[in-house]
Each structure stands twice: as C-alpha cells, then as structure tokens.
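Colleague: starting from these lines, generate the structure:
(2 chains)
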Amino acid sequence: SQTIHQWPATLVQPVGSPLSLECTVEGTSNPNLYWYRQAAGRGLQLLFYSVGIGQISSEVPQNLSASRPQDRQFILSSKKLLLSDSGFYLCAWSPGLAGRYEQFFGPGTRLTVL
Amino acid sequence: AQSVTQPDIHITVSEGASLELRCNYSYGATPYLFWYVQSPGQGLQLLLKYFSGDTLVQGIKGFEAEFKRSQSSFNLRKPSVHWSDAAEYFCAVAGGQAGTALIFGKGTTLSVSS
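Modeller: Residues are numbered from 1 along each chain as shown, chains lettered A, B, ... in the order given. So this is what the prediction gives:
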C-alpha cells in the first residue's frame, strides 16, 4: 500500500530564516505531487505541483519554491521566511494516470513564523 | 473557471441524527468530484469519489453522496452521526488551470452535540 510522509510535523522559525519541508511517498511510482497551504477559514491553496522529476509548476508567485529531486520526493523551500508564510502545509500525491484524479494527503507540517 | 461552493461554514448536529453537507460546483464538462474529511491538526482523508455511473456513491465511515447534474450538486449524507464524525469536511472537483489538481471548497465544520 502507498504511504506519504511529511517532516517535520511542527516547526517554529524566525522571520528571515530559511525553510525546507520534505515530503516522500512510498509504494507507488511516477506520482503527481502537490504542495498546499491551509490557513484558517480559507480552505486549501495549491502552491506547487509536479508531474515528474525536475518538473515544477507554480500556482501562486510568492516567497516559496519547490523541487523534486527524486521521483517520490518533493521539497518546499524558502530562502527568507515572512510572517505571512505561517500556516499548515500539506503534501499530496495522485496516481498520475488519466482519469485517476483523487489525491492522498500527508499528515501536514504546522509552520509558525515569529 | 471551475469552482466549488460549500454554503455552510459550520453545522451542528445531534448525535444519532442525520447529516447532509451541501456542495455546489461549477464545471463545464463531466466533473470528477470528491469529499474529504480533516480532523484537527491532521491531513485530509478521502471519504468518497464520483467519476461516472451510479449517481449515488458510497464511501468510508458510512458516508454517501449523490451527484445531481441538474443542480450542480454533490451533497454528502450520513443517516446517523457519531461524535467521532466531528471534523471539517471539504468538497473538491478535479480540473482547473493546474491540470489534474483539485479545486477545493472552503470547508464545512461539523460539530456533534450529545
């Protein structure tokens, strides 16, 4: 069966510090991968998605970037965090097959920027 | 553009009572529809999905949803709510500018009273 991991689970960082959140998927190959941010009362905001190694699409231009160095690894980064980067970050994967659009989510990372 | 509307921000239901959460979507073609549930501080769990065929779909935890094309709706139902069902529920549709990415509604928070 497939599993998805995210770490760290929680993170408190000062403004201006760098960020690296990691997501890995097990038990599948060639998945589509996604990063979402969730803010209270605002639902889920898609940040980045990837259909293959090195292929990153950005949905919202902002202070963050994403990379996919391996097939089942997706990293969210920032060089300098802003207060507005605080939130709950969710990684998700989907089978990457035509007609298979369901997504499966990781446990999330709670980021607090002080 | 595709969109999902969940008209109810917060619903309170008595334990043992029936539940219906509303979802309306806007999509030009046949939609791929989903319901997810999120407990506090957790990731999203897929409850059920609709792709085609029978318009009444069964999911996990005793939930079901009915697709009504004429009303552009995909409402979630459960005949008898348990206290453990208290959570946030998200409706989603596949599509949008991000290709296979999901478009989520803003969610409905369900509280269960004893």
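Colleague: for residue A:87, give its distance to residue A:113.
Modeller: For residue A:87, the distance to residue A:113 equals 9 Å [CB to CB, to the nearest Å]. C-beta: built from backbone N, CA, C; applies to glycine.
Colleague: go on, residue B:29?
Modeller: Residue B:29 sits at a distance of 40 Å from residue A:113 (criterion: CB to CB).
Colleague: looking at these two, which one has more neighbours?
Modeller: Each of residue B:29 and residue A:113 has its neighbours counted (other CB atoms under 10 Å in any protein chain shown); residue A:113 has more, 19 against 7.
Colleague: tell me which element the spatially most central residue of chain A is part of?
Modeller: The structure's chain A has its C-alpha centroid closest to residue A:35; by CA atoms, centre = their mean the separation is 2.9 Å. Using DSSP states H and E, residue A:35 falls within strand A:32-38.
Colleague: for that strand, enumerate the helices and strands it packs against.
Modeller: strand A:19-26, strand A:44-52, strand A:73-78, strand A:87-94 (3 or more CB pairs under 8 Å, 6 or more residues apart in numbering or on different chains; DSSP states H and E).
Colleague: go again using 6 Å as the cut-off
Modeller: strand A:44-52, strand A:87-94 (3 or more CB pairs under 6 Å, 6 or more residues apart in numbering or on different chains; DSSP states H and E).
Colleague: who's in contact with that strand?
Modeller: A:44-51, A:66, A:74, A:76, A:87-94, A:96 (CB atoms under 6 Å, 6 or more residues apart in numbering or on different chains).
Colleague: now swap in stretch B:17-26 and tell me
Modeller: Defining contact as CB under 6 Å, 6+ apart, one finds that stretch B:17-26 is touched by B:3-7, B:13, B:31, B:72-79, B:81, B:89, B:91, B:93, B:108.
Colleague: repeat the analysis, applying 7 Å as the threshold.
Modeller: Here stretch B:17-26 makes contact (CB atoms under 7 Å, 6 or more residues apart in numbering or on different chains) with B:2-8, B:11, B:13, B:31, B:33, B:72-81, B:89, B:91, B:93, B:105, B:108.
Colleague: low pLDDT regions in the chain?
Modeller: I went with chain A, as the question did not name one. Applying pLDDT under 70 to chain A flags the ranges A:41, A:61, A:98-99.
Colleague: meant chain B actually
Modeller: For chain B, applying pLDDT under 70 flags the ranges B:95-100.
Colleague: how about the residues of it by chain A?
Modeller: Counting by CB under 7 Å from any CB of the partner chain, the residues of chain B close to chain A are B:32, B:34, B:42-44, B:46, B:49, B:51, B:94, B:98, B:100-102, B:104-107.
Colleague: so residue B:30 sits in a helix?
Modeller: No: counting by DSSP: H, G, I helix; E, B strand; the rest coil, residue B:30 is not found in a helix; it is coil.
Colleague: in what helix or strand does the closest residue to it other than its chain neighbours lie?
Modeller: Counting by CB to CB, 6 or more residues apart in numbering or on different chains, residue B:52 is the residue found nearest to residue B:30 once chain neighbours are left out, at 6.8 Å. Under the criterion DSSP H and E, no helix or strand holds residue B:52.
Colleague: number of nearby residues for residue B:52?
Modeller: 9.
Colleague: what's the distance between the closest residue to residue B:113 other than its chain neighbours and residue B:2?
Modeller: Nearest non-adjacent residue to residue B:113, counting by CB to CB, 6+ apart: residue B:14, 5.2 Å away. As judged by CB to CB, residue B:14 and residue B:2 stand 35 Å apart.
Colleague: sweet, I'm off.
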